[in-house]
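**Student:** Whatever this is, show me its structure:
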Amino acid sequence: MAQEFDTIGIIAGNRSLPLVFARQAKALGVKRLVAVAFENETDPELAGLVDEIVWLKVGQLAKMISALKERGVACCVMLGQIAPRNLFDLRPDFRAVTLLLKLKEKNAQSLFGAVADELKKDGIELIEPVRWLRPLMPETGFCLGPALSGKQEADVALGLRIAKEVSRLEIGQTVVIKEGTVLAVEGFEGTDNCLRRGGSLAGSSGGAVAVKVARDKHDLRFDIPCIGISTLETCREAGIAALAFESGKTLLMDRELIEALARKYKISVAACRAG
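**Tutor:** From the prediction side, this is the model:
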């Protein structure tokens, strides 16, 4: 299992997933972790969880690959996000510019897939982190907080169908539903802003249901659906009453804290099967 990997590189974006992975990988026998971190994105706490860390600016593709190669990294994972505004504000180096010019479509799949190809040219394989994170991916029937009502279950079923179609079109992976009406579909703004927008459209009574899925043929090397404390806090802020996510394909971070918050805020958090 994880013990076969002596050294793993981590290309670390923001939020807590890179930290969670580092702890899981070490616990499961990975001997050495080398992280490439990005200024104004990566949580500095990661430095205390890995053996080496290199700080770069977003867009320094050549330096990123060199940093991994010089430290003997033959396989790496890509975790966390880069804020969309930083993707567009970046000053790419020559290698990144060349990569971007070759892309006909600039979505997450094509962009990070191209980065994986660049890594491979230098003998570095981008691998799925799921083997270390599987214990954090709840299966169907998992539920925290209040049980879903009949109306909420109906909205979840609709949300799963709509979210799957939207994700197939490479638009987003989250939708917000209330009483059979689609209030918001995630676009470039990301999950949290989609939740806020959907919650505001639900009216003063709130009660909307949010649903998050994985794309079909999802490339788990660089894009794992993830639910964390900030997601639940945003649901509370937006008046979202239930948060459903695709079972077996979504990471639930900080489970004990989320369970406590689900009870406190009376928000249903459920893993559901899509299709």
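
**Student:** going forward, measure contacts and count neighbours with C-alpha atoms only.
**Tutor:** OK.

**Student:** Any regions of the chain where pLDDT drops low?
**Tutor:** Low-confidence segments of the chain (pLDDT under 70): 1-4, 82-91, 104-110.

**Student:** Let me see the ranges of the strands in it.
**Tutor:** Listed in chain order, the strands found in the chain under DSSP state E are 7-12, 32-38, 52-56, 75-79, 125-126, 143-144, 174-178, 181-185, 208-212, 226-227, 240-246, 251-252, 268-272.

**Student:** need the longest helix for this protein.
**Tutor:** Counting by DSSP state H, the longest helix found in the chain is helix 150-168.

**Student:** Now do it against strand 174-178, angle only.
**Tutor:** Using axes from the mean of the first three to the mean of the last three Cα atoms, to 10 degrees, the inter-axis angle of helix 150-168 relative to strand 174-178 is 150 degrees.

**Student:** what's helix 150-168 packed up against?
**Tutor:** If contacts are counted by 3 or more Cα pairs under 8 Å, 6 or more residues apart in numbering; DSSP states H and E, helix 150-168 sits against strand 174-178, strand 181-185, strand 208-212, strand 240-246.

**Student:** Can you tell me which of those strands is most buried?
**Tutor:** Compared across the helices and strands packed on helix 150-168, strand 208-212 shows the largest average neighbour count, a mean of 31 (mean count of other Cα atoms under 10 Å).

**Student:** I'd like to know which elements that one is packed against.
**Tutor:** Other elements packing on strand 208-212 under the criterion 3+ Cα pairs under 8 Å, 6+ apart are helix 150-168, strand 174-178, helix 191-201, strand 240-246.

**Student:** For Leu17, find the nearest of those.
**Tutor:** Evaluated over those, closeness to Leu17 peaks at helix 191-201, with 15.5 Å, by Cα to Cα.

**Student:** Run the chain-centre distance for that closest one.
**Tutor:** Counting by Cα atoms, centre = their mean, to the nearest Å, helix 191-201 is centred 17 Å from the centre of its parent chain.

**Student:** Outside of that helix itself, which residues are in contact with it?
**Tutor:** 173-177, 183-187, 206, 208, 210, 231, 234-235, 237-240 (Cα atoms under 8 Å, 6 or more residues apart in numbering).

**Student:** quick one on the thing from earlier: with distance to Ala62 added, can I get the strands of the chain in TSV?
**Tutor:** Listed next are these as TSV, based on distance: least, Cα to Cα, whole Å:
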stretch	distance to Ala62
strand 7-12	13
strand 32-38	12
strand 52-56	11
strand 75-79	15
strand 125-126	16
strand 143-144	44
strand 174-178	33
strand 181-185	35
strand 208-212	34
strand 226-227	29
strand 240-246	36
strand 251-252	30
strand 268-272	40
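
**Student:** give me every residue that touches the closest residue in space to Met78 that isn't next to it in sequence.
**Tutor:** Counting by Cα to Cα, 6 or more residues apart in numbering, Ile11 is the residue found nearest to Met78 once chain neighbours are left out, at 4.7 Å. Residues near Ile11 by Cα under 8 Å, 6+ apart: Ala35, Val36, Ala37, Cys76, Val77, Met78, Leu79.

**Student:** Burial check on the fourth one, number of neighbours?
**Tutor:** For Cys76, the number of neighbouring residues by other Cα atoms under 10 Å comes to 24.

**Student:** repeat for the second one
**Tutor:** Look at Val36: counted by other Cα under 10 Å, it has 22 neighbours.

**Student:** correct me, but it touches Val58?
**Tutor:** No - with contact taken as Cα atoms under 8 Å, Val36 and Val58 are classed as non-touching, separated by 10.6 Å.

**Student:** and the gap between the residue nearest to Met78 and Ile53?
**Tutor:** Distance check for Ile11 against Ile53: by Cα to Cα, to the nearest Å, it reads 10 Å.

**Student:** One more: Leu148?
**Tutor:** As for Leu148, its distance to Ile53 is 43 Å (criterion: Cα to Cα).
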